[in-house]
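**Student:** just coords:
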């Protein structure tokens, strides 16, 4: 059966954006409401407010209790979830095509009519504090959080997405409502839908979101937990270089090696994707082979890209025994040095290009992945990026472009290394610090 898709976009008079991709022959449907507000929009006095708000939109509206919302989705076999990122927040539902009206009705309801009851606010505070405790007991998550907090210590992008025990304890309901009023507005919102459904059918169903005025969207007070434009101008991040050692009660030593990476709209994003996969995003990658397969120094070793609006990070993560830390870091530097000095061979480049295109095309079979990609491209690029255009961008990237990028971002004097563990003798600390200028 052939699969056809068609993309459409509407920006309504109130500045709400609707994007849809109709894909023929699918039973499933993915719906998402994306808000251009996350950790970056938070003030130091309200750490974690975006994530707190994400929780609260599940806790009931004027016409539905939290249980009713959950039950209505469960009864049709759907899934309703949400997540908070550093520059956006997303609420998404996956269900059958025939139940699209229910999904869109619930999304409209939570955006327009959430009640933010005081008892629910107080109850959810306990849940979020437990979530923070869970992350504190998950070293892999914790070390990445600490890395971003350290490298971006003077910028809101580096603040912990969940907030801290102290900031959540102090959070007030009025702060949360003000942040909601300030940021959950049509001009900061994208509705993304993928499935076998027409753009016009979705448009009719989200009509409550396209009106001139939304209930309760008066001007936020000065107590809001976000960045008021006239008080806190958006600053370009300055990533701090250095080596940091953090002591935590962990069995292994967890390390993150980082360097500046391309921002989301950079022309170098295709080269960065190829460089990432070649270095550490797979079992055949250089880092995996050098550190795990050849030497058995670590079970987990991988690289990753974290692009933002105006900056980005390239990171390598590993967990190993204290006696292997220096060796692992030296091997990471060795792999980095290799891609700075020598172009990828034609075979290496072709293999990585095929890997990326294959992964991309396989993900296109998943409506939720497709819906997310549609929205993220709209938020950062302001346009539709087809699978064909993406694959052509990967194929057009040359070995010379990858070499140029490697030398641009992997500069010897711009190292960001964070090592976390409990068994960190001073000799090891000195050796780690000596690795980075």
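**Tutor:** Thanks, I have it. This one's a predicted model, so the numbers in the text were calculated from it and none came from an experiment.

**Student:** Just give me the neighbour total for residue 45.
**Tutor:** Neighbours of residue 45 under the rule other Cβ atoms under 10 Å: 12. C-beta coordinates here come from the backbone N, C-alpha and C atoms, glycine included.

**Student:** Which residue ranges of the stretch 1-150 of the chain form strands?
**Tutor:** Secondary structure of the stretch 1-150 of the chain (DSSP state E, counting those that start in this stretch): strands at 5-11, 17-23, 28-35, 79-84, 89-96.

**Student:** Show me what the third one is packed up against.
**Tutor:** What that stands for is strand 28-35. Helices and strands touching strand 28-35, by 3 or more Cβ pairs under 8 Å, 6 or more residues apart in numbering; DSSP states H and E, are strand 89-96, helix 100-113, strand 189-195, helix 367-380.

**Student:** and of the ones you listed, who's closest to residue 51?
**Tutor:** strand 89-96 (8.1 Å; Cβ to Cβ).

**Student:** report the angle between the axes of that closest one and strand 28-35?
**Tutor:** For strand 89-96 against strand 28-35, the angle by axes from the mean of the first three to the mean of the last three Cα atoms, to 10 degrees is 170 degrees.

**Student:** which helices and strands does strand 89-96 pack with?
**Tutor:** When contacts are defined as 3+ Cβ pairs under 8 Å, 6+ apart, strand 89-96 packs onto strand 28-35, helix 49-56, strand 79-84, helix 100-113, helix 367-380.

**Student:** quick one: average confidence on stretch 296-307?
**Tutor:** For stretch 296-307, the mean pLDDT works out to 97.

**Student:** How much space separates residue 68 from residue 278?
**Tutor:** Distance of residue 68 to residue 278, computed by Cβ to Cβ, to the nearest Å: 49 Å.

**Student:** For these two, indicate the residue with more neighbours.
**Tutor:** residue 278 (25 against 13).

**Student:** what's the distance between the closest residue to residue 184 other than its chain neighbours and residue 16?
**Tutor:** Spatial nearest neighbour of residue 184, excluding adjacent residues (Cβ to Cβ, 6 or more residues apart in numbering): residue 35 at 5.8 Å. Look at residue 35 and residue 16: by Cβ to Cβ, they are 11 Å apart.

**Student:** who's more crowded, the two?
**Tutor:** More crowded of residue 35 and residue 16, by other Cβ under 10 Å: residue 35, with 24 against 21.

**Student:** Is that one bridged to anything, and to what?
**Tutor:** residue 89, residue 189 (DSSP bridges).

**Student:** Looks like it contacts residue 183 (just checking).
**Tutor:** Yes: if you go by Cβ atoms under 8 Å, residue 35 and residue 183 touch, sitting 6.4 Å apart.

**Student:** buried ones in stretch 414-424?
**Tutor:** By neighbour count on 16 or more other Cβ atoms under 10 Å, the buried set for stretch 414-424 is 415-421, 424.

**Student:** so is the closest residue to residue 125 other than its chain neighbours in a helix, a strand, or just coil?
**Tutor:** Spatial nearest neighbour of residue 125, excluding adjacent residues (Cβ to Cβ, 6+ apart): residue 168 at 6.2 Å. Using DSSP: H, G, I helix; E, B strand; the rest coil, the structure places residue 168 in helix.

**Student:** Residue 168: what's it in contact with?
**Tutor:** 47-48, 52, 125, 128-129, 132, 162 (Cβ atoms under 8 Å, 6 or more residues apart in numbering).

**Student:** repeat for residue 160
**Tutor:** Applying Cβ under 8 Å, 6+ apart to residue 160 gives the contacts 39, 47-48, 145, 149.

**Student:** Please report the distance of it from residue 178.
**Tutor:** Counting by Cβ to Cβ, the gap between residue 160 and residue 178 amounts to 21 Å.

**Student:** which strands and helices sit next to the host helix or strand of residue 270?
**Tutor:** Using DSSP states H and E, residue 270 maps to helix 269-280. If you count contacts as 3+ Cβ pairs under 8 Å, 6+ apart, helix 269-280 packs onto helix 286-287, strand 300-307, strand 312-320, helix 325-341, helix 346-363, helix 387-396, helix 399-409.

**Student:** Could you dump these into TSV with mean neighbour count added?
**Tutor:** As requested, the helices and strands packed on helix 269-280 are arranged in TSV below (neighbours: other Cβ atoms under 10 Å):
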stretch	mean neighbour count
helix 286-287	23
strand 300-307	19
strand 312-320	23
helix 325-341	18
helix 346-363	15
helix 387-396	14
helix 399-409	18
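
**Student:** between these, which gets nearest to residue 21?
**Tutor:** Comparison of the helices and strands packed on helix 269-280 against residue 21 by Cβ to Cβ identifies helix 387-396 as nearest, at 10.5 Å.

**Student:** Could you pull up the residues touching the closest residue in space to residue 278 that isn't next to it in sequence?
**Tutor:** Nearest non-adjacent residue to residue 278, counting by Cβ to Cβ, 6+ apart: residue 352, 5.0 Å away. By Cβ under 8 Å, 6+ apart, the contact set of residue 352 is 274, 277-278, 344.

**Student:** mind running it again at 6 Å?
**Tutor:** Residues near residue 352 by Cβ atoms under 6 Å, 6 or more residues apart in numbering: 274, 277-278.
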